[in-house]
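> Show me the folded form of this:
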Amino acid sequence: MIFERFFKAKNLEREPEALQVGSRQVPLLFVHHPRARRYLLRLRPDGVARVTIPRRGTIAAARDFAARNVGWLEQQWLLLSNRPTVGSGWQVGTEIYFRGEMVRVESAAADQIRFGSEQLQVADVTVDLRPVIQHHLRQLAAQELPPRVRELAVGQGVEVTRISIRNQKSRWGSCSRRGTISLNWRLIQTPAFVRDYIILHELAHRRHMNHSDKFWQEVERMCPDYLVAERWLKQNAKLMR
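Model prediction:
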């Protein structure tokens, strides 16, 4: 089953309120989540602070939770405002995600670049480097993701017939009824805990080919902190561009 959404909230999102954070008014969006075990706060890329309310939580308690974390929100605002914009072209100096960290593309020689632990041969360091870097990342994903899928599948007692690394534009992964797990190569850019969550999400579909309550109970059993991984993915959705 295709991984099509990040949160399965039973209640509709309320209209945003506002919270004074430093010198600015930050919109507050309260969302009830039936599987959340605690209140969660995150600052979305559009500047809205999203407060997740657990099953028996209240709006009043959520307001108090957000107010107690004003300092954290202010720090996140600074990070958001200073975050570099990743354009369509990548050049020397561009910052990209690699294994969950933002790394800078640097010139190692007239025909070499490096980023993180990787060093690549290129024809010209002055041209758009995105194609060659993404090709390299996809090769890394093809080498590293299948063994991790098999390892986690054995640990969960799940059978997988085939593993495919693909270039999906809007999905992180999928699982077919025949047991084929397909993963987006961009998982090589995410932190390890996010990568593992996506793999476990798809492995859970080997037992439940839907997004029913039983499926999400299985996901939570396999990956108790899956909401943290989903939050990271939502905050970094630009990786799919």
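> Quick one: distance of the helix or strand bottoming out on mean pLDDT in the chain to the chain centre.
The helix or strand of the chain with the lowest confidence, counting by mean pLDDT, DSSP states H and E, is helix 70-82 at a mean of 82. Taking C-alpha atoms, centre = their mean, to the nearest Å, the mean C-alpha location of helix 70-82 is offset from the chain mean by 19 Å.
> How about stretch 207-218?
On C-alpha atoms, centre = their mean, the centre of stretch 207-218 falls 20 Å from the chain's centre.
> What segments of this structure are strands?
Secondary structure of the chain (DSSP state E): strands located at 17-21, 24-32, 40-43, 49-53, 95-98, 101-104, 106-109, 112-115, 118-121, 162-166, 173-175, 180-184.
> Output the contacting helices and strands for the shortest one.
On a contact count with 3 or more C-beta pairs under 8 Å, 6 or more residues apart in numbering; DSSP states H and E, strand 173-175 meets strand 180-184, helix 192-204. Every residue, glycine included, has its C-beta placed from N, CA and C.
> ditto for the last one
Using 3+ C-beta pairs under 8 Å, 6+ apart, the elements in contact with strand 180-184 are helix 130-156, strand 162-166, strand 173-175, helix 192-204.
> so what are the domain limits for the protein?
17-82, 137-240 (automatic domain parsing).
> shaky segments in the chain?
By pLDDT under 70, the low-scoring segments of the chain are 1-16, 46, 82-88, 241.
> So for it, the centremost residue is which one?
residue 233 (2.0 Å; C-alpha atoms, centre = their mean).
> my guess is it meets residue 172, correct?
Yes - counting by C-beta atoms under 8 Å, residue 233 touches residue 172, with 7.0 Å between them.
> I'd like to know how far the closest residue to residue 229 other than its chain neighbours sits from residue 35.
Take residue 229 and drop its neighbours on the chain: the residue closest to it by C-beta to C-beta, 6 or more residues apart in numbering is residue 197, 3.6 Å away. Residue 197 sits 14 Å away from residue 35, going by C-beta to C-beta, to the nearest Å.
> Counting neighbours, go ahead and name the busier of these two.
Set side by side, residue 197 and residue 35 show more neighbours around residue 197, with 27 against 18, by other C-beta atoms under 10 Å.
> you'd agree that one is up against residue 223?
Yes - with contact defined as C-beta under 8 Å, residue 197 reaches residue 223; the gap is 5.1 Å.
> between the two, what contacts are shared?
residue 229 (C-beta atoms under 8 Å, 6 or more residues apart in numbering).
> hmm, back to that, closest one to residue 113 among the helices and strands packed on strand 180-184?
helix 130-156 (7.7 Å; C-beta to C-beta).
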